[in-house]
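sequence and predicted structure, then a few things I'm wondering about:
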Amino acid sequence: MTTAEQLFTAAMQLSPEEREALAGRLLGSLDEDRDPGYEEAWAAEIERRLKDHDAGDGDWVEWDEALAAMFPERRR
């Protein structure tokens with residue numbers, strides 16, 4: 001068993017609240033290595049996509065359709 005698997009097994013013994021806090025800390029630690037312009041670039045991309053959507057531009061699909069395409073094994 002790898003160290004990551006051991007840590008996961010140990011983490012699963014925590015309460016849901018403790019797991020949530022741990023997950024938040026782990027995800028937050030990934031931000032430390034991000035490009036300094038990451039947040040600004042994502043904000044600009046989201047704004048561009050919203051403008052496209054509002055203008056009726058782009059090839060949009062409903063959320064249920066997107067989920068079915070991403071997870072075909074979950075289709076009923």
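Arrived safely, thanks for sending.

which helix of the protein spans the most residues?
The helix that spans the most residues within the chain, counting by DSSP state H, is helix 38-55.

show the subsequent helix or strand relative to it.
helix 63-70 (DSSP states H and E).

now that following helix: how far from the chain's centre is it?
Helix 63-70 has its C-alpha centroid displaced from the chain centroid by 16 Å (Cα atoms, centre = their mean, to the nearest Å).

for the most centrally placed residue in the chain, what are its contacts?
In the chain, the centroid-proximal residue (Cα atoms, centre = their mean) is residue 27; its distance is 10.0 Å. Applying Cβ atoms under 8 Å, 6 or more residues apart in numbering to residue 27 gives no contacts. The C-beta positions use only the backbone N, C-alpha and C, and glycine is treated the same way.

let me know the secondary structure of it.
Assigned with DSSP: H, G, I helix; E, B strand; the rest coil, residue 27 falls in the helix class.

any idea how far it lies from residue 21?
11 Å (Cβ to Cβ, to the nearest Å).

who touches both of these two?
Joint contacts of residue 27 and residue 21 (Cβ under 8 Å, 6+ apart) do not exist.

ok, back up a step: got the CA positions of the longest helix of the chain in PDB?
Extracted C-alpha coordinates of helix 38-55, given in PDB (Å, rounded to 0.1, in the frame of the first residue of the first chain):
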ATOM      1  CA  TYR A  38      -4.300  32.100 -12.800                       C
ATOM      2  CA  GLU A  39      -7.300  33.600 -11.000                       C
ATOM      3  CA  GLU A  40      -7.400  36.600 -13.300                       C
ATOM      4  CA  ALA A  41      -7.200  34.400 -16.400                       C
ATOM      5  CA  TRP A  42     -10.000  32.200 -15.200                       C
ATOM      6  CA  ALA A  43     -12.100  35.200 -14.300                       C
ATOM      7  CA  ALA A  44     -11.600  36.600 -17.900                       C
ATOM      8  CA  GLU A  45     -12.500  33.200 -19.400                       C
ATOM      9  CA  ILE A  46     -15.700  32.900 -17.300                       C
ATOM     10  CA  GLU A  47     -16.700  36.400 -18.300                       C
ATOM     11  CA  ARG A  48     -16.100  35.600 -22.000                       C
ATOM     12  CA  ARG A  49     -18.200  32.400 -21.700                       C
ATOM     13  CA  LEU A  50     -21.000  34.300 -20.000                       C
ATOM     14  CA  LYS A  51     -21.000  36.900 -22.700                       C
ATOM     15  CA  ASP A  52     -21.100  34.200 -25.400                       C
ATOM     16  CA  HIS A  53     -24.000  32.500 -23.600                       C
ATOM     17  CA  ASP A  54     -26.000  35.700 -23.200                       C
ATOM     18  CA  ALA A  55     -25.400  36.500 -26.900                       C
END
